[in-house]
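Q: everything below, folded, please.
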Amino acid sequence: MKNCLTGFYRDMKVLYSLAIKRGRGETAEERLESFYSGQAEEYDHFRRRLLTGREDLMSALPVESGAVWVDMGCGTGSNLELLSASDLATLKQAYMVDLTEAMLKVADARIARNGWRNVSTQRADATNWSGPGEPIDVIFFSYSLSMIPDWFAALDRAYDALKPGGVIGVVDFYIARKTPYNIGARQSFSTRWLWPIWFSFDNVFLSSDVLPYLERKFTRVKLIERADRMPYCPFFWKKTPRFVFIGRKPL
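A: I've put the predicted structure just below:
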C-alpha cells in the first residue's frame with residue numbers, strides 16, 4: 001500500500017509538471033531545462049507507461065561485438081537497461097547524449113549504479129552534435145525527436161554520423177499524412193487534429209513528415225505503428241499514435 005501511494009505521489013508530481021508547470025525560456029535548451037528540472041527524478045516511473053514501444057525499438061536494434069551506439073536525447077538513460085547485461089557489455093562504447101543537465105545528472109547516477117564501464121554521457125544539441133570521433137554503428141531516438149524543433153536537422157546529423165550500413169532507430173509519437181501513400185497508417189481527422197494541439201502545450205511537436213523523411217533518407221528495415229491510451233485518462237476515447245522505425249544508411 002505504501003509503495004502504491006508513493007508511486008501515485010511520484011506520478012502526480014510529473015502530471016503537475018505536464019499540466020501546470022510548462023517549460024519556459026527563449027531557447028530550446030532553456031525550455032527543456034525548465035520543463036524537466038522538477039520531474040527528472042520521477043521521470044522513469046511515469047514514462048514507463050506513457051512511452052510504450054521502447055522495448056520494441058531496443059529489441060530490433062542489432063547488437064554486434066565492438067559496435068558504437070548513440071542514444072540521442074537519452075533523457076535519464078533508462079533505454080540501455082532494456083538491453084541484457086551481456087549485450088551491453090558486447091558494445092565497444094555507448095554514448096548517451098542530451099541537452100538537459102537535469103536529465104543527464106540522473107543518467108550519470110544510473111551509469112554509476114549499474115557499473116557500466118563502456119557508457120558515457122555528453123551534453124549536446126542533436127542538430128549540431130560533433131560526434132565521438134569514431135564510426136557509429138547505431139543511433140536511436142527514443143521519444144526525443146518530437147521534442148527537437150529542427151528534427152530534420154537532427155536526422156541529417158545522424159545520417160552524416162552513421163557509417164555506411166549503420167542503423168537508425170526511432171520510437172515516437174506522430175501523426176500521419178492525410179493520404180499516407182506508401183508509408184504510415186491512415187488516421188482519422190480527429191486524431192490528426194487533436195494530438196498536435198495536446199502535445200504542443202509541452203513543447204512536443206508532432207509532424208506528419210517524420211516518417212516520409214525517414215523513409216527518404218534510410219532503407220526501411222522495420223516499421224511498427226500502434227496506439228495506446230494515456231495514463232490516468234481511462235475514459236478518454238482517443239489513443240495516442242506512435243511508431244517504431246528501423247532503417248539503414250545506404251552503403
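
Q: who's in contact with the residue nearest in space to the middle of the chain?
A: In the chain, the centroid-proximal residue (Cα atoms, centre = their mean) is Ser142; its distance is 1.9 Å. Neighbouring residues of Ser142 by Cβ atoms under 8 Å, 6 or more residues apart in numbering: Leu51, Arg54, Leu57, Asp71, Gly73, Cys74, Gly75, Asn79, Val170, Val171, Asp172. Any C-beta I mention is one placed from the backbone N, CA and C, and that applies to glycine too.

Q: is it true that the second one touches Val171?
A: Yes - in this structure Arg54 lies within contact range of Val171 using Cβ atoms under 8 Å: 5.8 Å.

Q: which residues of the stretch 101-250 of the chain fall in strands?
A: Remark: strands assigned in the stretch 101-250 of the chain by DSSP state E, counting those that start in this stretch are 119-123, 136-142, 162-173, 219-228, 240-248.

Q: who does the third one touch, helix- and strand-wise?
A: It stands for strand 162-173. Judged by 3 or more Cβ pairs under 8 Å, 6 or more residues apart in numbering; DSSP states H and E, strand 162-173 is in contact with helix 54-60, strand 136-142, helix 151-161, helix 210-217, strand 240-248.

Q: contacts for the longest one, please.
A: Among residues not part of helix 151-161, those counted as contacts by Cβ under 8 Å, 6+ apart are 70, 72, 126-129, 131, 136, 139, 141, 145, 148, 168, 207, 209-210, 213-214, 217-218, 249.

Q: what of the last one?
A: Applying Cβ under 8 Å, 6+ apart, the contact partners of strand 240-248 are 52-53, 56-57, 60-61, 165-176, 184-185, 187, 191, 195, 211, 214-215, 217-230.

Q: are any of these buried, and if so which?
A: 52-53, 56-57, 60-61, 166-176, 184, 187, 191, 195, 211, 214-215, 217-218, 223, 225, 229 (16 or more other Cβ atoms under 10 Å).

Q: buried stuff in stretch 131-140?
A: For stretch 131-140, the neighbour count (16+ other Cβ under 10 Å) marks Gly131, Ile136, Asp137, Val138, Ile139, Phe140 as buried.

Q: where does pLDDT dip in the stretch 1-150 of the chain?
A: Across the stretch 1-150 of the chain, the ranges flagged by pLDDT under 70 are 1-50.

Q: please repeat the previous calculation with a cut-off of 50.
A: 2-9, 11, 15, 40 (pLDDT under 50).

Q: isn't Pro62 up against Gly166?
A: No - taking contacts as Cβ under 8 Å, Pro62 lies outside contact range of Gly166: 9.8 Å.
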